[in-house]
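Visitor: predicted model and sequence follow; I will ask about them next.
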Amino acid sequence: MATQVFGSDVAGVINAAQSAAAGGNPAIQLGGAAFNLPQPFPSPIDWRDCTIYLLMLDRFNNAAAPPNFPWNLETTSRQGGTFNGVTAQLPYLRDLGVKAIWITPVLKNPCEKAGYSYYGYGAQDFINLEKRFASDGTLNTAEKEYRNLIDTAHSLGLYIIQDIVINHAAQVFDYLINNTLQQPTDPPYLNAPLGQEPSVEWLDATGTPNPAWINQLPAGTVPGLDDFIWPAELQDKVFFRRQGQNTGNMGPEGFIPGDFAVFRQLVGEYDATVPGEEVYRTKYGTTPVLAILARCYQYLIAKYDIDAFRIDTAKYVRPDIVENFCNAMREFALSLGKKNFFSYGEIWDSDTTINSFVGRHSSQIDSGGLDAAMDYPLFYVLTNAVKGFAGVDAVYSMFNARNTTEESLVSSHAEAGRYFVTFLDNHDQYQRFNTPTTPASQVTQALACLYALQGIPCLYYGTEQGLTGTINPTAAPEVVREALWGKPTPAFDNTNAFYTDIQKIISLRTNTPALRYGRLYFRELSQDGYNFGQSFGVGGLIAFSRILCDTEVVVVANTSTTSVFKGFVLADLDINRDLGVYSVAYSNVGTTGSGNVLSKTGLVLDGPQPTQPTSIACLYIILQPTEVQILS
């Protein structure tokens, strides 16, 4: 077990990985047979080629045992998912069309009493795995089975995205004021001035504050591996914020300083250049916390051949620290031979905040930073439009605003899609997109739009099996965290209607470059064939084109639940000057057929006043309520 990130055992793994990168591709054993798997596994050329599948490790599958509780019961306790459970279903995910699998955190959390989180976001050890995910509950087996999961995924052409945290650790200490222990969250010393933070009492293996461990351990004390925090380099109170809970107040430096609920925030920007910090600067450099965390995660890349990181609570870390961390991951991966290691972050905010963290939008223009962010702006407008909670024009408005923001930052060739991981729901929501009352056609309509719009689409586990949330929902994210493998009907049924529809949508995206790289244009519609304007309001149409070179793909979605649309949608006049034929490549209600591009004269509304009559190209379409068609 590694206990120090600057120790010989960690250095040995890192050096071995770098040596292997220069030494060829050794054969490994997979399923009892030798397989010549490239080491390390090479990165994809472009992550827009990789549709993502998000699975919660504890709630996805255990091939050897049923869930610990009823599969669709809302619970904050562990259900029992394992590494081997994921490995067993990798062919199922490959056949769905998935190319990358995002796995929730795998690092060791404290014991149950000490605040163990089944979802894994409260690490007590930043370099060793959570043994509860092993088939026999031991660390040695966990390491073997996690590496086997990744090697097997690679042998199937799948990439592994590991969810990580650089903002916080577990509840590894409690606060002490005037010799009195405080409540775990929201204490009265929130935003205490630097240098006047309260004392801390470190927790032992049982989750109990140890009165002998106030601020620091007595000389000669060696904590157990379940005590305190690991690696040893993090066992210093000054590396923690110690200012109480803060989950919503942005600080002056562009991030949220303070504990995330009971999870204790690390001071990522800790500055060892100031006088008196020589001891830290000598050991770790000018930013010790950043250096320690970077080394931890470089070790995980080297040991397990991870392909990408999703960074939890990224907006709670100062933007330049996030950038420097991502650059350290990217450069280390390059030293191994992974030429396009991918990092994307949870920045649950507006485009303006996202832009301060991501890629060339960030302050360090030439350094990279985060490659992408989860697309919360699109999540809200697309969900509300398809479900009839808001007008469809909100989708257009969001993209128009994004184009304005990015005008001087990305090219005109649809590069924006590289910077966003798009989704309809995830493990942090209080309900799935597909609720018990949601029509199936609304789900598939939203998914078709998602996979056809700009971005790298991510599917939440169980969507392909029609999961609708737990049977006893409350206002908690556990509502969307069912134990999939306990489902009484086949949990991994590749004939399920949702599975086969999603399979078709992903296949269409995979085989249509315009849907991955194409420029995005929202299209005007008309019912009389002469007056064209964009649809607006609840129950309207979402209409857009993706154009790449001389190929145009047209997507039209009727969000009305009651009205049929019969009319025309604009197409590109230059691309369609030969008046070709468009076919329905996908319809979520089974419409088939094709139609000629029509050449007409019409009025295209541009703002409140119509333009002069002009030559246009358009398609005549008929859409049933909640139907989406992708025409190519």
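Guide: Ah, there it is.
Visitor: what's next to the lengthiest strand in the chain, contact-wise?
Guide: Identified as the longest strand of the chain according to DSSP state E is strand 614-623. Outside strand 614-623, the residues that touch it by C-beta atoms under 8 Å, 6 or more residues apart in numbering are 526, 529, 532, 541, 554, 556-558, 564-573, 576-577, 579, 582, 591, 595, 597-604, 629, 631. (Glycine included, C-beta is placed from N, CA and C.)
Visitor: same question, stretch 592-611
Guide: Contacts for stretch 592-611 (C-beta under 8 Å, 6+ apart): 524, 526, 529-534, 568, 570-571, 576, 579-584, 612-621.
Visitor: and with 7 Å instead?
Guide: By C-beta atoms under 7 Å, 6 or more residues apart in numbering, the residues outside stretch 592-611 that reach it are 524, 526, 529-533, 571, 576, 579-584, 613-620.
Visitor: now the buried members of these.
Guide: Among the contacts of stretch 592-611, those scoring as buried are 524, 526, 532, 571, 576, 582, 584, 616-619 (criterion: 16 or more other C-beta atoms under 10 Å).
Visitor: just give the closest residue to residue 579, not the sequence neighbours.
Guide: What sits nearest to residue 579 in space, not counting adjacent residues and going by C-beta to C-beta, 6 or more residues apart in numbering, is residue 597, at 4.8 Å.
Visitor: next up, phi/psi of the spatially closest residue to residue 256 that is not a sequence neighbour, please.
Guide: Take residue 256 and drop its neighbours on the chain: the residue closest to it by C-beta to C-beta, 6+ apart is residue 316, 4.6 Å away. Backbone torsions of residue 316, given as degrees, to the nearest 10, read phi -90, psi 0.
Visitor: report pLDDT for residue 316.
Guide: At residue 316, the model reports a pLDDT of 94.
Visitor: residues touching it, list them.
Guide: By C-beta under 7 Å, 6+ apart, the contact list for residue 316 reads 167, 255-256, 260, 265.
Visitor: wait, which of the residues you listed is closest to residue 182?
Guide: Within the contacts of residue 316, proximity to residue 182 (C-beta to C-beta) peaks at residue 265, which comes in at 15.7 Å.
Visitor: send over the helix or strand hosting residue 84 as CSV, restricted to the C-alpha atoms.
Guide: Using DSSP states H and E, residue 84 sits in helix 83-88. Taking Å, rounded to 0.1, in the frame of the first residue of the first chain, the C-alpha atoms of helix 83-88 are listed here in CSV:
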residue,chain,number,x,y,z
PHE,A,83,-15.4,-3.4,-10.3
ASN,A,84,-16.1,-6.9,-11.6
GLY,A,85,-19.8,-5.9,-12.0
VAL,A,86,-18.7,-3.2,-14.5
THR,A,87,-16.3,-5.4,-16.3
ALA,A,88,-19.1,-8.0,-16.9
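Visitor: so what does it touch, helix or strand wise?
Guide: With contacts taken as 3 or more C-beta pairs under 7 Å, 6 or more residues apart in numbering; DSSP states H and E, helix 83-88 sits against helix 57-60, helix 139-155.
Visitor: dump the ones you listed to a markdown table, plus distance to residue 489.
Guide: Output for these, formatted as a markdown table (distance: least, C-beta to C-beta, whole Å):
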| stretch | distance to residue 489 |
| --- | --- |
| helix 57-60 | 17 |
| helix 139-155 | 26 |
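Visitor: I'd say residue 370 and residue 344 touch.
Guide: Yes: contact status for residue 370 versus residue 344: in contact at 6.3 Å, counting by C-beta atoms under 7 Å.
Visitor: if you average pLDDT over the longest strand of the chain, what comes out?
Guide: What strand 614-623 shows for mean pLDDT is 95.
Visitor: list the strands paired with that strand, with their directions.
Guide: Note on strand 614-623: by DSSP bridges, its sheet partners are strand 565-571 (antiparallel), strand 598-604 (antiparallel).
Visitor: mean pLDDT and distance to residue 204 for the ones you listed - can I get that in a markdown table?
Guide: Output for the strands paired with strand 614-623, formatted as a markdown table (pLDDT from 0 to 100; distance: least, C-beta to C-beta, whole Å):
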| stretch | mean pLDDT | distance to residue 204 |
| --- | --- | --- |
| strand 565-571 | 97 | 65 |
| strand 598-604 | 87 | 71 |
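Visitor: before we move on, back to that, could you dump the buried ones among the contacts of stretch 592-611 to a markdown table with distance to residue 222?
Guide: A markdown table is the format used below for those (distance: C-beta to C-beta, whole Å):
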| residue | distance to residue 222 |
| --- | --- |
| 524 | 71 |
| 526 | 76 |
| 532 | 75 |
| 571 | 71 |
| 576 | 74 |
| 582 | 71 |
| 584 | 68 |
| 616 | 77 |
| 617 | 76 |
| 618 | 76 |
| 619 | 73 |
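Visitor: ok, residue 57 - contacts?
Guide: Neighbouring residues of residue 57 by C-beta under 7 Å, 6+ apart: 81, 86, 103-104, 106, 120, 133.
Visitor: ignore the last one, residue 103
Guide: 55, 57, 160, 162-163.
Visitor: if you set the cut-off to 10 Å instead, what comes out?
Guide: Contact analysis of residue 103 by C-beta atoms under 10 Å, 6 or more residues apart in numbering lists 53-57, 60, 83, 86, 120, 133, 146, 149-150, 153, 160-163, 306, 310.
Visitor: same question for residue 632.
Guide: 508, 511-512, 514-515, 546, 551-555, 582-586.
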